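J.: How does the following fold in three dimensions:
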Amino acid sequence: MRLVLNVIWLVLSGFWLFLGYLVAGIVACLLVVTIPFGVAAFRIGLYALWPFGRDVVRRPTAGAASTIGNVLWILLFGWWLVLGHVVTAIALAITIIGLPMAWANLKLIPVSLLPLGSQIVDTDAYVPGSRIAA
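T.: Residues are numbered from 1 along each chain as shown. Sure, this is the predicted structure:
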């Protein structure tokens, strides 16, 4: 079932989200100061490409630098990304086939808002108590 949902997701919106995050990551890596944001954009882009069967968990080793980076991310990019994911989720939820896709879009919100200090893992590797996204 995950494979079918991922293929439908890839066709409907995953590929375009991946390309958007990829371009943002490349631009962020060109500016040397924002390389951590570029790496985060690449990570989110890969998650947006194939989201079913994967979860976002908090990295236990994330420190104060991740918190500062997340605050900057929210101010510069995060709220735009969340708005885009919410609008896309609403558009996808109009049809019955789009409901799982809308849910996957909503799943991207926590990692789009706070990408630093989080890790994307397979659902099978889920560690109880560390999950930050459903």
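J.: Compute the number of surrounding residues for residue 62.
T.: Look at residue 62: counted by other Cβ atoms under 10 Å, it has 16 neighbours. (C-beta placed from N, C-alpha, C; glycine too.)
J.: Contacts only, for the closest residue to it other than its chain neighbours.
T.: Nearest non-adjacent residue to residue 62, counting by Cβ to Cβ, 6 or more residues apart in numbering: residue 117, 3.1 Å away. Residue 117 sits next to 58, 59, 62, 66, 67, 70 when contact means Cβ atoms under 8 Å, 6 or more residues apart in numbering.
J.: I'd like the list of these that fall within helices, please.
T.: Residues of the contacts of residue 117 located in helices (DSSP state H): 66, 67, 70.
J.: Could you check how far the second one is from residue 118?
T.: When distance is defined by Cβ to Cβ, to the nearest Å, residue 67 is 12 Å away from residue 118.
J.: Settle it for me: which of these two has more neighbours?
T.: Taking neighbours as other Cβ under 10 Å, residue 67 and residue 118 compare with residue 118 leading, 24 against 13.
J.: So what sits opposite the more buried one in the bridge?
T.: Under DSSP bridges, the beta-bridge partners of residue 118 are residue 58.
J.: So which residues of the protein form strands?
T.: Remark: strands assigned in the chain by DSSP state E are 54-58, 118-122.
J.: buried ones in the last one?
T.: It refers to strand 118-122. Judged by neighbour count (16 or more other Cβ atoms under 10 Å), strand 118-122 contains these buried residues: 118, 119, 120.
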